[in-house]
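Peer 1: next come a sequence and a model predicted from it.
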Amino acid sequence: MRSDAFRAAAEAKDFSRLDELFSEDASFRSPVVYGPYEGREAIKVVLSAVVEVFEDFRYTGQLENGDTAVLTFEARVGERELQGVDILRFGADGRAVELTVMVRPMSGVQALAERMKEMLEAADGPPPA
């Protein structure tokens, strides 16, 4: 499946080979900001922070159809447990052109937003989209 390499990177908490996973002009739609993060470098910063923020991260399902994959996951941020989905859309070259993440419940989203803000500010990450 096209999403296997992304899944392996997320499970290993290692996005060092992001160039192989995402097209240069890919976009990332976060559950906590309105607009997308644009470009592979912005995605790299965000995903590097995410792997530090999510605790006990595990994928629980994976579906693929055509150029789209949906991976369901569970994780924890502090004491807040959450569920989510990663929705990946792939280009003709097999690299992701779009990643959309959705998370529930609201308390999990709030904990994620607070922790991500801290991580991105500390890393001089991309400004909020």
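Peer 2: That came through, no problem. Here the structure is a predicted model, which means the values were calculated and not measured. Residues are numbered from 1 along each chain as shown.
Peer 1: how about the helices in the chain?
Peer 2: Taking DSSP state H to define them, one finds helices in the chain at 4-12, 18-21, 40-53, 106-122.
Peer 1: of those helices, which is nearest residue 32?
Peer 2: Nearest of the helices of the chain to residue 32, taken as Cβ to Cβ: helix 106-122 at 3.9 Å. Every residue, glycine included, has its C-beta placed from N, CA and C.
Peer 1: next, the angle from the closest one to helix 40-53.
Peer 2: Inter-element angle recorded for helix 106-122 and helix 40-53: 120 degrees (by axes from the mean of the first three to the mean of the last three Cα atoms, to 10 degrees).
Peer 1: so what does helix 106-122 touch, helix or strand wise?
Peer 2: Packing contacts for helix 106-122, counted by 3 or more Cβ pairs under 8 Å, 6 or more residues apart in numbering; DSSP states H and E, involve helix 40-53, strand 68-77, strand 80-90.
Peer 1: so for the longest one, what gets flagged as buried?
Peer 2: Okay, so that is helix 40-53. 40, 42-50, 53 (16 or more other Cβ atoms under 10 Å).
Peer 1: adding distance to residue 2 and mean pLDDT, write the helices and strands packed on helix 106-122 out as a markdown table.
Peer 2: Below are the helices and strands packed on helix 106-122 laid out as a markdown table (distance: least, Cβ to Cβ, whole Å; pLDDT from 0 to 100):
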| stretch | distance to residue 2 | mean pLDDT |
| --- | --- | --- |
| helix 40-53 | 17 | 91 |
| strand 68-77 | 6 | 97 |
| strand 80-90 | 5 | 97 |
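Peer 1: how much space separates the nearest residue to residue 107 once chain neighbours are set aside from residue 34?
Peer 2: Of all residues not flanking residue 107 in the chain, residue 80 sits nearest, at 5.3 Å (Cβ to Cβ, 6 or more residues apart in numbering). Relative to residue 34, residue 80 is positioned 22 Å away (Cβ to Cβ, to the nearest Å).
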